[in-house]
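S.K.: Provided below are the primary sequence and the corresponding predicted coordinates.
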Amino acid sequence: MTSECWIRSFATEQAALSVPIERIPTNLFEQGWCVSDGFVSDASAAALAQEARERYGSGAFHAAGIGAGARHRRREDIRGDHVLWLDEQETTPAQRDCLARFESLRLAANRELQLGLFEFECQLALYPRGASYRRHLDGFAGDDSRVLSCVLYLNQAWQPADGGQLRLHLPEQAGHVDVLPVAGRLVTFLSARFEHEVLPAQRDRLSLVGWFRARASTPAGAA
């Protein structure tokens, strides 16, 4: 399927598209990004969403910032989400099931694309109503270890009027595709290639956001 077809499909939300894990590397090779429905079951998405709300209500989340290390700072005019990094030593059953799916994706991507992915870092993210994240690239200055960006949505009964789309900018077409954040949908794209942004939503918006990492060719902090 061409990028143009994907733009039409997700602009109108006319049909659910499902790409099995084994097909995701093929889509990444062909166009650099992929959208897959049903990456986790509805029950798993609901369990993760409930856990996220409970942890957010208990104050476990913190306001997200931009930059890393000494460059890290809070900029509410750029991004307004709150995040909770997952600790592999303290994961719940629902989180472990989800991470097992991502491990299957890592193995498939390495087998088909030879990306050298060795680690997956991830966080739960909650955008309060009206919050957004301005256009950006994933990764940090001087550090190219993030190779593959992944966003798994956890929002039940999400409607187009709720907003909160991921806007993925497509450099080859000088256009973009808007992806609605419905539960179980996974968006995967090459981190260094695609600028993206999160549009404001009319209700709280939940996701699990992660990055597959490879060995950095440029040391962090290098000029």
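M.R.: Everything's here; your move.
S.K.: can you give me the strands for the chain?
M.R.: 33-36, 62-63, 82-85, 119-127, 133-136, 146-153, 166-170, 175-179, 186-190, 196-198, 205-213 (DSSP state E).
S.K.: tabulate those strands (JSON lines), appending mean neighbour count.
M.R.: Any C-beta I mention is one placed from the backbone N, CA and C, and that applies to glycine too. Formatted as JSON lines, the strands of the chain follow (neighbours: other C-beta atoms under 10 Å):
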{"stretch": "strand 33-36", "mean neighbour count": "22"}
{"stretch": "strand 62-63", "mean neighbour count": "11"}
{"stretch": "strand 82-85", "mean neighbour count": "16"}
{"stretch": "strand 119-127", "mean neighbour count": "19"}
{"stretch": "strand 133-136", "mean neighbour count": "14"}
{"stretch": "strand 146-153", "mean neighbour count": "24"}
{"stretch": "strand 166-170", "mean neighbour count": "20"}
{"stretch": "strand 175-179", "mean neighbour count": "19"}
{"stretch": "strand 186-190", "mean neighbour count": "22"}
{"stretch": "strand 196-198", "mean neighbour count": "22"}
{"stretch": "strand 205-213", "mean neighbour count": "23"}
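S.K.: adding distance to residue 159 and mean pLDDT, write those strands out as JSON lines.
M.R.: Below are the strands of the chain laid out as JSON lines (distance: least, C-beta to C-beta, whole Å; pLDDT from 0 to 100):
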{"stretch": "strand 33-36", "distance to residue 159": "18", "mean pLDDT": "94"}
{"stretch": "strand 62-63", "distance to residue 159": "27", "mean pLDDT": "94"}
{"stretch": "strand 82-85", "distance to residue 159": "23", "mean pLDDT": "96"}
{"stretch": "strand 119-127", "distance to residue 159": "16", "mean pLDDT": "97"}
{"stretch": "strand 133-136", "distance to residue 159": "21", "mean pLDDT": "94"}
{"stretch": "strand 146-153", "distance to residue 159": "13", "mean pLDDT": "97"}
{"stretch": "strand 166-170", "distance to residue 159": "16", "mean pLDDT": "96"}
{"stretch": "strand 175-179", "distance to residue 159": "14", "mean pLDDT": "95"}
{"stretch": "strand 186-190", "distance to residue 159": "18", "mean pLDDT": "97"}
{"stretch": "strand 196-198", "distance to residue 159": "17", "mean pLDDT": "97"}
{"stretch": "strand 205-213", "distance to residue 159": "12", "mean pLDDT": "98"}
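S.K.: how about the nearest residue to residue 134, chain neighbours excluded?
M.R.: Once flanking residues are discounted, residue 134 sits nearest to residue 78: 5.0 Å by C-beta to C-beta, 6 or more residues apart in numbering.
S.K.: actually residue 55, not the one I wrote
M.R.: Per C-beta to C-beta, 6+ apart, closest to residue 55 is residue 84, 5.7 Å.
S.K.: tell me which of the strands of the chain sits nearest to residue 103.
M.R.: Across the strands of the chain, residue 103 has its closest neighbour in strand 119-127 (7.3 Å, C-beta to C-beta).
S.K.: and the closest one, which strands flank it?
M.R.: strand 82-85 (antiparallel), strand 205-213 (antiparallel) (DSSP bridges).
S.K.: pull the CA atoms of it into PDB?
M.R.: Extracted C-alpha coordinates of strand 119-127, given in PDB (Å, rounded to 0.1, in the frame of the first residue of the first chain):
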ATOM      1  CA  GLU A 119      16.800  -2.300  24.000                       C
ATOM      2  CA  PHE A 120      13.300  -0.900  24.400                       C
ATOM      3  CA  GLU A 121      12.600   2.000  26.600                       C
ATOM      4  CA  CYS A 122       9.100   3.100  27.200                       C
ATOM      5  CA  GLN A 123       6.700   5.200  29.300                       C
ATOM      6  CA  LEU A 124       3.000   5.800  29.800                       C
ATOM      7  CA  ALA A 125       1.900   9.200  28.700                       C
ATOM      8  CA  LEU A 126      -1.200  11.100  29.600                       C
ATOM      9  CA  TYR A 127      -2.200  14.300  27.800                       C
END
